[in-house]
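1. Here is the input, now give the coordinates:
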Amino acid sequence: QHLNRDLPSYRQRRYFSPAAYSTDRLIETAVRRYARGALLDVGCGDMAYRDLIEPLAARYDTLDCAPRAEGVTFISDAQAMTMIADAEYDTALCLSVIEHLPNPSAALSEIARALKPGGHLILSAPHLSRLHEEPHDYYRFTCYGLRHLLERAGFEVIEIVPAGGLFSFLGHQAATVALCALWHVPVVKWVAYYLLKWLWVLPCAWCDRVLDRRKVLALGYVAIAKKSPLP
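-> Next up is the predicted model:
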């Protein structure tokens, strides 16, 4: 929590660990390409991508099960967004959320309902991850599982891109231990942050790109999907 407070933007958090760096680069590219019109950030957390989204989208609404940041638009279960009208949004963002939902299919169906025909969903989900946010940590996903869930919810899958790999996964664990152990120490925490960036985060990400070209050990995936137009 202290680390997130001191690193409020995705631009700073991407160098927290190889996992954050590998995934964030794909998310930033997807947001810059597809975010437009009215955008709903489902499971927004503390809105780390807000600064990126607001210049691109005409409207930025947020939804979470609890107010983890000031100004959350909707406090709701993503599996039953009853306060949101049909075809309300042009774009939806759902990052590292569906693994924490007992019924991810229901959430994707709700997002599809909230999107206009032809609207885009930017989704991320893990394939390799330690247990976190227990006890609400239910699933891990393959690219094939994500495609099946998205198509069943009424989406046309544009692409599913693997993010990171085994080096990013293992590097994330080490970076988490190191930074969390030192983050309470003034000055030292920033020295550790920049040393990890250059000596750990970037080398681990490079190893994943070079040594696992088939991505059979993908850390996770970033998917882009479009709501099918009305028949």
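2. switch to C-alpha atoms for all contacts and neighbour counts from now on
-> Fine.
3. so Thr91 sits in a helix?
-> No - looking at Thr91 with DSSP: H, G, I helix; E, B strand; the rest coil, it is strand, so not inside a helix.
4. Could you report the neighbour count for it?
-> 28 (other C-alpha atoms under 10 Å).
5. That one contacts Arg33, doesn't it?
-> No - at 11.1 Å, Thr91 and Arg33 do not qualify as touching, with contact defined as C-alpha atoms under 8 Å.
6. Backbone torsions only: list them for the closest residue to Leu217 other than its chain neighbours.
-> Counting by C-alpha to C-alpha, 6 or more residues apart in numbering, Gly165 is the residue found nearest to Leu217 once chain neighbours are left out, at 5.3 Å. Dihedral angles of Gly165 (phi, psi; degrees, to the nearest 10) stand at phi -170, psi -150.
7. Please enumerate the strands of the chain.
-> 38-42, 59-64, 74-75, 89-95, 115-126, 155-163, 220-227 (DSSP state E).
8. who touches Leu131 in this structure?
-> Asp137 (C-alpha atoms under 8 Å, 6 or more residues apart in numbering).
9. Roughly how far does it sit from Val187?
-> 30 Å (C-alpha to C-alpha, to the nearest Å).
10. before we move on, what about Tyr89?
-> 44 Å.
11. And Gly119, by the same measure?
-> From Gly119 to Val187 the distance is 45 Å (C-alpha to C-alpha).
12. residue ranges of the helices in the protein, please?
-> For the chain, the helices defined by DSSP state H cover 2-6, 10-13, 18-34, 50-53, 104-114, 143-152, 166-182, 188-196, 202-211.
13. closest one to Phe74 among those helices?
-> helix 104-114 (13.4 Å; C-alpha to C-alpha).
14. pull the CA atoms of the closest one into PDB?
-> The C-alpha coordinates for helix 104-114 follow below in PDB (Å, rounded to 0.1, in the frame of the first residue of the first chain):
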ATOM      1  CA  PRO A 104     -15.800 -14.400 -14.800                       C
ATOM      2  CA  SER A 105     -18.300 -15.300 -17.600                       C
ATOM      3  CA  ALA A 106     -21.000 -13.200 -15.900                       C
ATOM      4  CA  ALA A 107     -18.600 -10.300 -15.700                       C
ATOM      5  CA  LEU A 108     -17.700 -10.500 -19.300                       C
ATOM      6  CA  SER A 109     -21.300 -10.800 -20.300                       C
ATOM      7  CA  GLU A 110     -22.100  -7.700 -18.300                       C
ATOM      8  CA  ILE A 111     -19.200  -5.800 -19.900                       C
ATOM      9  CA  ALA A 112     -20.500  -6.800 -23.300                       C
ATOM     10  CA  ARG A 113     -24.000  -5.600 -22.400                       C
ATOM     11  CA  ALA A 114     -22.600  -2.200 -21.300                       C
END
